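Peer 1: requesting a structural model of the entry that follows:
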Amino acid sequence: MTDATRLFANLGAEEEASWRRMSAHPRVRTVARLWAGLFPASARLVGEGAPPAPRLAGVLADLDEEPAFPFCAPGRALVPWLATREAEALARSEGVPFGATAADVVRRVHDKAFAHAASVAASLVPESFAGTTLVLEPDELGDADAVRCRIEAAVARWPAPLRESFVLKPRLGTSGRGRLSGRAGRIDSERLGGSLARLRASGGVLVEPWLERTLDLSAQLHVAGPGDVRVLGTLRQVVTKYGGPTGHAGRIHADGSVDSGTPWDDELRAAALALGRAASNAGYRGPCGVDAFVFRGPDGAERLRPIVELNARFTAGTIALGCAARALRAGLARAARAFYFGFEVAGDAGHAILADDPSARLCLEADPRALPLPPSQRERSA
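Peer 2: Prediction:
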């Protein structure tokens, strides 16, 4: 293992106090192994509780000596899912270089407040809720009553339709965990008081209107150097009706490029590139994902919110695109125009990715309507 890449699957490490507990969940362990499958077979997962090395299924196994992307072949280095100080320390203990951007830089650009500031600077905030986001620092989250009054005073200045539902988001968090909701311009004092310590530890909070989402999207990027930002692909994020992620869907073109197959792709790509360049200027290098969504405005028309947050790390979208790239090389996607990668598929639909864990599958179809999406997503696609 002297020259092999070490992989530290610290999924959820934004939540420093609880990510190890979350990493024991079977679904999270499967995602960690799918991520490791993007790297050559010689790569090894390391760290306390590391899952077993992945074995790719079927014809994909013939390609496992090759990386899914060129940046997944760093050689002798430790690559984390998310660059943290803990990951840097593990690299030192393994005696190998750290194969990611410095943790302090990653923390800065991974902060939701960074994406918000960049979207404001680039005039990418939809006009219907421009000026509504409130950013609070950890040292501003002291007395619960004072925090509540400040939030409610800010919400009271919003347009009336936006006051009905709003959300407090941890600035460093993952998968929507740790959010607090408010209704009719008010927030529950007891719940807020019980959450302030956690929100301080999560880098502070963003307060935003909660909008009626009709479609969840993402753009996956790779930042190679100053101003050198490339879109790897755009995707539909497949979620349950409660917002829980189950996978990604997209469209594969003859040249190997991937997009979401929605009318929002061009706008999403342009906004993601602007945010990627801002991260590049701040010193970030590596893969990252931009979350976005389509929402219904006060007039009933659909609009794109092209920047919600920047995930300055590998993402499930990176894995989805990597699996699509492997499928193309293996000849599996030659006749496909659409794909779904994720969980909760019916029966044995599609191709299993891991030889010893059939729970994650890549489904390829000529007709996007034939994809085995969860029910809530089929309704959105109708």
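Peer 1: and the strands in the stretch 1-150 of the chain, which stretches?
Peer 2: Ranges of strands in the stretch 1-150 of the chain, per DSSP state E, counting those that start in this stretch, are 6-8, 44-45, 78-80, 134-136.
Peer 1: ok, which of these comes nearest V223?
Peer 2: Nearest of the strands of the stretch 1-150 of the chain to V223, taken as CB to CB: strand 78-80 at 15.0 Å. For glycine as for every other residue, the C-beta is placed from the backbone atoms N, C-alpha and C.
Peer 1: give the contact list for the most centrally placed residue in the chain.
Peer 2: The chain has T315 as the residue nearest its centroid, 4.7 Å off, counting by CA atoms, centre = their mean. By CB atoms under 8 Å, 6 or more residues apart in numbering, the residues touching T315 are S218, Q220, P287, C288, G289.
Peer 1: scan those residues and report the most crowded one.
Peer 2: Tallying neighbours with other CB atoms under 10 Å puts C288 at the head of those, with 30 neighbours.
Peer 1: hang on, that residue packs against L273?
Peer 2: No. Here C288 does not reach L273: they are 11.6 Å apart, not a contact under CB atoms under 8 Å.
Peer 1: intersection of neighbour lists for these two?
Peer 2: Common neighbours of C288 and L273 (CB under 8 Å, 6+ apart) are L221.
Peer 1: now the contacts of T315 as JSON lines including pLDDT and distance to R269?
Peer 2: Output for those, formatted as JSON lines (pLDDT from 0 to 100; distance: CB to CB, whole Å):
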{"residue": "S218", "pLDDT": "97", "distance to R269": "11"}
{"residue": "Q220", "pLDDT": "98", "distance to R269": "11"}
{"residue": "P287", "pLDDT": "98", "distance to R269": "16"}
{"residue": "C288", "pLDDT": "98", "distance to R269": "14"}
{"residue": "G289", "pLDDT": "98", "distance to R269": "13"}
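Peer 1: so which of the residues you listed sit within strands?
Peer 2: The strands, defined by DSSP state E, take in S218, Q220, P287, C288, G289 from the contacts of T315.
Peer 1: pick out the most distant pair among the residues you listed.
Peer 2: Across the ones in strands among the contacts of T315 (CB to CB), the longest gap, 12.2 Å, separates S218 and P287.
Peer 1: contact partners for A91?
Peer 2: Counting by CB under 8 Å, 6+ apart, A91 has contacts R6, A77, L78, P97, F98, G99.
Peer 1: then L211?
Peer 2: L211 makes contact with F129, F293, F295, R296, R305, according to CB under 8 Å, 6+ apart.
Peer 1: and it, helix, strand or coil?
Peer 2: Recorded secondary structure, L211: coil (DSSP: H, G, I helix; E, B strand; the rest coil).
Peer 1: L232 versus that one, what's the distance?
Peer 2: According to CB to CB, to the nearest Å, L211 stands 27 Å off from L232.
Peer 1: neighbours of D139, how many?
Peer 2: Neighbours of D139 using other CB under 10 Å come to 8.
Peer 1: can we start the residue count at 54 from this point?
Peer 2: Sure, I'll start numbering at 54, so the last one becomes D192.
Peer 1: what's the nearest residue to it if we skip its chain neighbours?
Peer 2: Closest residue to D192 apart from its sequence neighbours, by CB to CB, 6 or more residues apart in numbering: R253 at 8.0 Å.
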